[in-house]
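**Student:** sequence unknown, structure follows:
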C-alpha cells in the first residue's frame, strides 16, 4: 500500500493556489487593457502559469531525489 506523502499534497495545494492567483491577476490586467497590451498580458500570464508549474515540479523532484 502506498504511503501518504504530505509534501505532495501540500505542494499540490500551493501550486493550485499560485495558479489561481496568477490567473485572476492576468484576467484583471487583461480586462483592464485592450489592443496589443492585452495580448502581452495574456502571454505573460501563460508564461507565469508555466513557470509556477515547472517550479513546483522541480521542488517535488528535488525532495524526492534528496529522500532517495
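**Tutor:** Good, I have the coordinates. Keep in mind it's a predicted model, so treat the numbers as computed, not measured. Numbering: from 1, shown residues only.

**Student:** rest of the way, CA atoms for contacts and neighbours
**Tutor:** Fine.

**Student:** what ranges of this structure fall below the confidence cut-off?
**Tutor:** Filtered on pLDDT under 70, the chain yields the residue ranges 1-4.

**Student:** rerun at 50
**Tutor:** Residues of the chain meeting the criterion pLDDT under 50: 1.

**Student:** check which helix or strand covers the residue positioned nearest the centre of the chain.
**Tutor:** Note on the chain: the residue nearest the mean C-alpha position is residue 52, at 3.0 Å, using C-alpha atoms, centre = their mean. Using DSSP states H and E, residue 52 sits within helix 36-67.

**Student:** Quick check: which helices or strands does that helix pack against?
**Tutor:** Secondary-structure packing of helix 36-67 (3 or more C-alpha pairs under 8 Å, 6 or more residues apart in numbering; DSSP states H and E): helix 6-32.

**Student:** Quick check: buried residues in stretch 17-31?
**Tutor:** Residues of stretch 17-31 classed as buried: 18, 19, 22, 23, 26, 27, 29, 30 (neighbour count, 16 or more other C-alpha atoms under 10 Å).

**Student:** wait, doesn't the fifth one sit right on residue 45?
**Tutor:** What that stands for is residue 26. Yes. With contact defined as C-alpha atoms under 8 Å, residue 26 reaches residue 45; the gap is 5.3 Å.

**Student:** follow-up on the earlier one: unless I'm mixing things up, the residue nearest to the centre of the chain is touching residue 17, no?
**Tutor:** No. At 10.2 Å, residue 52 does not count as touching residue 17 under the criterion of C-alpha under 8 Å.

**Student:** I'd like to know how far residue 57 sits from residue 33.
**Tutor:** Computed as C-alpha to C-alpha, to the nearest Å, the residue 57 to residue 33 distance reads 32 Å.

**Student:** Counting neighbours, go ahead and name the busier of these two.
**Tutor:** Of the pair residue 57 and residue 33, residue 57 is the one with more neighbours under other C-alpha atoms under 10 Å, namely 16 against 13.

**Student:** what's the spacing between the more buried one and residue 32?
**Tutor:** Applying C-alpha to C-alpha, the value for residue 57 to residue 32 is 32 Å.

**Student:** same thing with residue 42?
**Tutor:** For residue 42 relative to residue 32 (C-alpha to C-alpha), the value is 12 Å.
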